[in-house]
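Would you be able to build a 3D model of this:
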Amino acid sequence: MHVPSNPDVPFIRVSGLKKSFGEQKTLQGVDLTISHGETLVLIGPSGEGKSVLLKHIIGLLHPDEGHVELDGVDLCSMNERQMVKFRRRMGYLFQNAALFDSLTVAQNVAFPLKEAGVTNKDEIDQQVHEALELVELEEHKNKMPINLSGGMRKRVGIARAIICRPECVLYDEPTAGLDPIVTDVIDQMIIRLQKRFRVTSIVITHDMSSVFKIADRVAMLKNGVISFLGTPEDLRQSPDPDIQNFIAGRSGMCA
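Numbering: from 1, shown residues only. Below is the predicted model of the structure:
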């Protein structure tokens, strides 16, 4: 695990981030800092750019304006080759897990290792075994993704995201479409990984029960900016009617 060179520097700093797609202004000046080892949950109405923000943090998108820093290093000034080293410090759980349907569970989980240049079969097998044990799926390693439930697919996605022991894991709606019991299983895995490895976690979710269970802090993205940032209790106690409507799932929140 990487040891920060300066613990006083935020692990991730987003400043003045702007991104438009044609005439659609998605991010309009996002400012956000995330500390080493914290779990930050990102909430907000659909279509507000939460996934777009995650893709800027991992370097899959480049901003129109603003900066993303990792350990004080500006990622936006790097070319793709320079980004590879920093991107390996992060794992990404895509929406719907995005598994390769033609590969087994074990082959899906091993994919990042092979992309990183690991060729020793025994080493790959051992790390795949450990990653699948963490998500309690080792006995399913030879199955194809089509034979897995939705929750199991998400857990395979988590194993793939953590196999290279990243310092930060980005979760894009890890519990979407799952029943409450499976949702709790995923939430507990996120908590376990954070505690065991001091992983910094950024989680997009619309599930408010997950928010109050896993978050150290909560950020709401609305109208292209961070409109709220605080603890789960700060969120619960907020006098803002839009926030209270969002928590309760009422339709009174302005678009």
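
can we go C-alpha only for contacts and neighbour counts from here?
Will do.

quick one: the helices in the stretch 1-150 of the chain?
In the stretch 1-150 of the chain, the segments counted as helices under DSSP state H, counting those that start in this stretch are 50-57, 80-87, 105-115, 121-134, 150-162.

Make a markdown table from the ones you listed and add distance to residue 203 to it.
Formatted as a markdown table, the helices of the stretch 1-150 of the chain follow (distance: least, CA to CA, whole Å):
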| stretch | distance to residue 203 |
| --- | --- |
| helix 50-57 | 9 |
| helix 80-87 | 17 |
| helix 105-115 | 20 |
| helix 121-134 | 19 |
| helix 150-162 | 12 |
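
ok, residue 29 to residue 49 distance?
12 Å (CA to CA, to the nearest Å).

can you pull the buried residues of the helix or strand of the chain with the lowest mean pLDDT?
Taking mean pLDDT, DSSP states H and E as the measure, the helices and strands of the chain show their lowest mean at helix 80-87, namely a mean of 82. For helix 80-87, the neighbour count (16 or more other CA atoms under 10 Å) marks 83, 87 as buried.

got it, and stretch 236-249?
For stretch 236-249, using 16+ other CA under 10 Å, the buried residues are 242, 243, 244, 246, 247.

In strands only, show me those.
Of the buried residues of stretch 236-249, none are assigned to strands by DSSP state E.

In the residues you listed, find the pair that's most separated.
Greatest spatial distance in the buried residues of stretch 236-249: 242 and 247, 8.7 Å, computed using CA to CA.

what sits in contact with each of residue 29 and residue 49?
The overlap between the contact sets of residue 29 and residue 49 (CA atoms under 8 Å, 6 or more residues apart in numbering) consists of residue 224.

quick one, which of those two is more surrounded?
Using other CA atoms under 10 Å as the criterion, residue 29 and residue 49 rank with residue 49 on top: 21 against 18.

my read: that one touches residue 27, true?
Yes: here residue 49 reaches residue 27: they are 6.5 Å apart, a contact under CA atoms under 8 Å.

How far off centre is the least confident helix or strand of the chain?
Helix 80-87 sits 18 Å away from the centroid of its parent chain (CA atoms, centre = their mean, to the nearest Å).

try stretch 77-97
Remark: stretch 77-97 is offset 12 Å from the chain centroid, using CA atoms, centre = their mean.

for the chain, longest helix please?
What stands out as the longest helix in the chain, according to DSSP state H, is helix 180-197.

So residue 216 sits against residue 38, correct?
Yes: using CA under 8 Å, residue 216 is in contact with residue 38, at 6.3 Å.

thinking again about what came up before, so which of the helices of the stretch 1-150 of the chain comes closest to residue 73?
Among the helices of the stretch 1-150 of the chain, helix 80-87 comes nearest to residue 73, with 9.5 Å by CA to CA.

That closest one to helix 50-57, inter-axis angle?
Following axes from the mean of the first three to the mean of the last three CA atoms, to 10 degrees, one obtains 110 degrees for the angle between helix 80-87 and helix 50-57.

still on that earlier bit, C-alpha coordinates for the least confident helix or strand of the chain, CSV please?
Extracted in CSV, the C-alpha atoms of helix 80-87 (Å, rounded to 0.1, in the frame of the first residue of the first chain):
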residue,chain,number,x,y,z
GLU,A,80,-2.1,9.1,-21.4
ARG,A,81,1.3,7.3,-20.9
GLN,A,82,2.0,9.3,-17.8
MET,A,83,-1.5,8.7,-16.5
VAL,A,84,-1.1,4.9,-16.5
LYS,A,85,1.0,4.8,-13.4
PHE,A,86,-1.4,7.0,-11.4
ARG,A,87,-4.5,5.2,-12.7
